[in-house]
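Asker: Coordinates for the following, if possible.
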Amino acid sequence: MARPTYLRSLSGPKEKGMLILLVLLWQLSCTNETAVEPSPTQQFATELTQLKDYFKIPGLVTVIEQDGKIMYESYLGQADIDSNTKVDATTLFPVASLTKVFSGILAVRLEEQGKISLDAPVKNFLPAANLPDSVQVKHLLSHTSQGEIGSQFYYSSRFGLLTQVLEKATNRSFSELMHEEIFVPLQLEDTFLLKDSTQLANSGKRIATPYRLEEDIEKGSVEYGYSASAGIVSNPRDLLKLSHALDSEVLLTAASRKKMTSPFKDNLPYGYGIFTQKIEGVPVLWAYGQYDCYASLFVKIPSKNCTLIIFANNNVMNDAARLIYGDLTASLFALSFLKNFILDRPKTTLIQKPDSIVFNTSHPEFQRKVLLAQALSASFMARYEPQKRNTSSALLESVFKKEPNYLEYANLTLLHNLSFLKDVAFFMELGELKTFDVPLRQIGNKLLRDTPNNPYAHAYLGTFYDRKGAIEKAEYHFRAIVENENFSRNWYTVEAEDWLKERME
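Answerer: Have a look, this model is predicted:
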């Protein structure tokens, strides 16, 4: 600390005594100074490092832009562990389902050009598709083709059918459409559709090495191939150009952009190729990507002209958050960004110790979301660190004690958390966890009252009753899955079929 100017002029004998006294007083005042609170950027950086370690992510790339300026940019960890190659601005990542944002723009752009109608039945283009006649192109784009068509959101593999639909409508390949309609106009120099390993080797591009978390961090494999659902490789700087396109008329008119980025229906979390959600009253656009060994997150706050982009070379960042259900606040990464840059909640602790949980009474709803997100992540990580099961349980018990009206804020993500905790106990032979039996059953039934054909709720309740020995109730839920004609096959279909085959024959 520099010596104050007023001390530099004291040099005589008497003055020296005074000098010592003043120095002592000055040092004492410095010691008693109030500690400087970290800035939102510093707080975010600290939390980002915590999360990278918590989820055992090898390499993490993060960029935040606001009003056209980079507010934060970091490159943490390794693109390749064996060679100790660090991630940097040149590292590319497969973005998985972030490709859907590109595809949503492409479909709406082609509609503007009069080359396709989003109201057209899918069977006009794919007569052999195993879909109800009433499923239209817009239902694929909005993930509303399953269940009650146009009314219910279920993230669906049917989105990939858009690949052929757009090709049939234009007589052009999907690769040509994406390149000519989006990549070239936006001058995306490091963005491409990844076909195979030969293409990658010939391109000279360097993508982050894929890793998966098992007993330890293990090398994985790149998933090749592309469709409207997935397959793009990119970097944050190119994705910022895409973000800018959603603010301008470079690719779409204002009316088309509004159509794409508005909820398909008021109570649904998705537009065309992108999630749309209000958090604490703030409209948020977002998308995520998840392969077996990669994860990506794109969050855009139009009212603040602010965008977050994160890439990782394992999938735990998103796998732990169960973002497929459409709730961004299940992601601790997103919550850190929101609390520090958007919602002015920097003092809300992101990760709390289960034996000293503190509730921020100024923002109780946001505090609950943070605690539930941590509980969800802890239950996921309990597969690798069993003690985190206790952390998740303690957090959930605290939330339920503080806000016992859990049916009012319950959703599929919370039901998944409760069910997953029981899965961990079951498969790791830790003894049956009965603590949350009542809320699990009540939440599952509440969700089925709202959406009677919800396959996820049926799957969680079917498993719950099976392990309780309530075979008739389990059978009811598993039959509800396999007998619902308007759902594509998924993990819940396979599990239900296997259970019925084993128990009913």
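Asker: Next SSE downstream of the strand ranked longest in the chain?
Answerer: Across the chain, the longest stretch assigned as strand under DSSP state E is strand 69-80. Counting by DSSP states H and E, the next helix or strand C-terminal to strand 69-80 is strand 85-86.
Asker: where do the strands sit along the stretch 301-450 of the chain?
Answerer: 306-312 (DSSP state E, counting those that start in this stretch).
Asker: Ser97 is in contact with Ser229, isn't it?
Answerer: Yes: taking contacts as Cβ atoms under 8 Å, Ser97 lies within contact range of Ser229: 6.4 Å. C-beta coordinates here come from the backbone N, C-alpha and C atoms, glycine included.
Asker: more neighbours, the two?
Answerer: Neighbour tally, Ser97 and Ser229, criterion other Cβ atoms under 10 Å: the higher count belongs to Ser97, 23 against 20.
Asker: What is the longest strand of the chain packed up against?
Answerer: On a contact count with 3 or more Cβ pairs under 8 Å, 6 or more residues apart in numbering; DSSP states H and E, strand 69-80 meets helix 40-54, strand 59-66, strand 85-86.
Asker: List of residues touching that strand?
Answerer: Identification of contacts with strand 69-80 by Cβ atoms under 8 Å, 6 or more residues apart in numbering yields 41, 44-45, 48-49, 52, 57-65, 84-89, 91, 206, 208-209, 236, 306, 313, 341.
Asker: can you redo the helices and strands packed on strand 69-80 as JSON lines with distance to Leu395 and mean neighbour count?
Answerer: As requested, the helices and strands packed on strand 69-80 are exported to JSON lines (distance: least, Cβ to Cβ, whole Å; neighbours: other Cβ atoms under 10 Å):
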{"stretch": "helix 40-54", "distance to Leu395": "14", "mean neighbour count": "18"}
{"stretch": "strand 59-66", "distance to Leu395": "24", "mean neighbour count": "22"}
{"stretch": "strand 85-86", "distance to Leu395": "34", "mean neighbour count": "14"}
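Asker: Out of the ones you listed, which gets nearest to Pro302?
Answerer: strand 59-66 (11.8 Å; Cβ to Cβ).
Asker: neighbouring strands for that closest one, and are they parallel or not?
Answerer: Applying DSSP bridges, strand 59-66 is found paired with strand 69-80 (antiparallel), strand 306-312 (antiparallel).
Asker: Give the rounded mean pLDDT of it.
Answerer: The average pLDDT within strand 59-66 is 98.
Asker: can you dump the C-alpha coordinates of that strand into PDB?
Answerer: The C-alpha trace of strand 59-66 is given here as PDB (Å, rounded to 0.1, in the frame of the first residue of the first chain):
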ATOM      1  CA  GLY A  59     -12.100 -27.800 -20.400                       C
ATOM      2  CA  LEU A  60     -14.600 -24.900 -20.100                       C
ATOM      3  CA  VAL A  61     -14.900 -21.900 -22.400                       C
ATOM      4  CA  THR A  62     -17.100 -19.000 -21.400                       C
ATOM      5  CA  VAL A  63     -18.000 -15.700 -23.000                       C
ATOM      6  CA  ILE A  64     -20.500 -13.000 -22.000                       C
ATOM      7  CA  GLU A  65     -21.300 -10.100 -24.300                       C
ATOM      8  CA  GLN A  66     -23.400  -7.000 -23.500                       C
END
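Asker: start the count at 24, not 1, going forward
Answerer: Okay, using 24 as the starting number, the last item reads as strand 82-89.
Asker: any idea of the angle it forms with helix 63-77?
Answerer: For strand 82-89 against helix 63-77, the angle by axes from the mean of the first three to the mean of the last three Cα atoms, to 10 degrees is 160 degrees.
Asker: Identify all contacting residues around strand 82-89.
Answerer: 67, 71, 75, 93-102, 109-110, 114, 116, 231, 258-260, 263, 266, 327-336, 340, 360, 364.
Asker: Report the buried members of those.
Answerer: Neighbour-count burial (16 or more other Cβ atoms under 10 Å) is assigned, among the contacts of strand 82-89, to 67, 71, 75, 94-95, 97-102, 110, 114, 116, 231, 258-260, 263, 266, 329-336, 340, 360, 364.
Asker: Export the strands paired with strand 82-89 as TSV, with columns for distance to Ala152 and mean pLDDT.
Answerer: Converted to TSV, the strands paired with strand 82-89 look like this (distance: least, Cβ to Cβ, whole Å; pLDDT from 0 to 100):
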stretch	distance to Ala152	mean pLDDT
strand 92-103	40	97
strand 329-335	33	98
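Asker: Let me know which of those strands is the nearest to Thr474.
Answerer: strand 329-335 (30.5 Å).
Asker: List the contacts of Ala251.
Answerer: Thr122, Lys123, Ser126, Leu129, Phe182, Gly183, Leu184, Leu185, Thr186, Leu189, Phe197.
Asker: Give me the subset of the residues you listed that lies in helices.
Answerer: Counting by DSSP state H, the contacts of Ala251 place Thr122, Lys123, Ser126, Leu129, Leu185, Thr186, Leu189, Phe197 in helices.
Asker: My guess is the fourth one contacts Glu203. True?
Answerer: No: in this structure, Leu129 sits apart from Glu203 without contact. The criterion is Cβ under 8 Å, and the distance is 10.0 Å.
Asker: if you count what's nearby, which of the two comes out ahead?
Answerer: Leu129 (21 against 11).
Asker: do you know how far that one is from Asp142?
Answerer: 17 Å (Cβ to Cβ, to the nearest Å).
Asker: Return the helix or strand in the protein with minimum mean pLDDT.
Answerer: helix 36-54 (a mean of 45; mean pLDDT, DSSP states H and E).
Asker: Nearest spatial neighbour of Ala343, chain-adjacent residues omitted?
Answerer: Phe403 (4.0 Å; Cβ to Cβ, 6 or more residues apart in numbering).
Asker: if I pick that neighbour, what's in contact with it?
Answerer: Phe403 neighbours (Cβ under 8 Å, 6+ apart): Val339, Asp342, Ala343, Phe443.
Asker: how does it look with 7 Å?
Answerer: Contacts for Phe403 were tallied using Cβ atoms under 7 Å, 6 or more residues apart in numbering; they are Asp342, Ala343, Phe443.
Asker: same check, this time on Gln175
Answerer: Thr167, Gln169, Thr474.
Asker: next one: Phe215
Answerer: Taking Cβ under 7 Å, 6+ apart, one finds Val256 in contact with Phe215.
Asker: can you pull up the bridge partners for it?
Answerer: Bridge pairing for Phe215 - DSSP bridges - gives Val256.
Asker: confidence score at it?
Answerer: 97.
Asker: That one and Ile255: what is the separation?
Answerer: Taking Cβ to Cβ, one finds Phe215 at 7 Å from Ile255.
Asker: can you give me the helices for the stretch 174-323 of the chain?
Answerer: 185-193, 197-201, 220-226, 259-268, 277-284 (DSSP state H, counting those that start in this stretch).
Asker: Kindly reformat those as CSV containing mean pLDDT.
Answerer: Converted to CSV, the helices of the stretch 174-323 of the chain look like this (pLDDT from 0 to 100):
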stretch, mean pLDDT
helix 185-193, 98
helix 197-201, 98
helix 220-226, 88
helix 259-268, 96
helix 277-284, 96
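Asker: I'd like the ones you listed as JSON lines, with distance to Tyr499 appended.
Answerer: Below are those laid out as JSON lines (distance: least, Cβ to Cβ, whole Å):
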{"stretch": "helix 185-193", "distance to Tyr499": "35"}
{"stretch": "helix 197-201", "distance to Tyr499": "42"}
{"stretch": "helix 220-226", "distance to Tyr499": "47"}
{"stretch": "helix 259-268", "distance to Tyr499": "45"}
{"stretch": "helix 277-284", "distance to Tyr499": "39"}
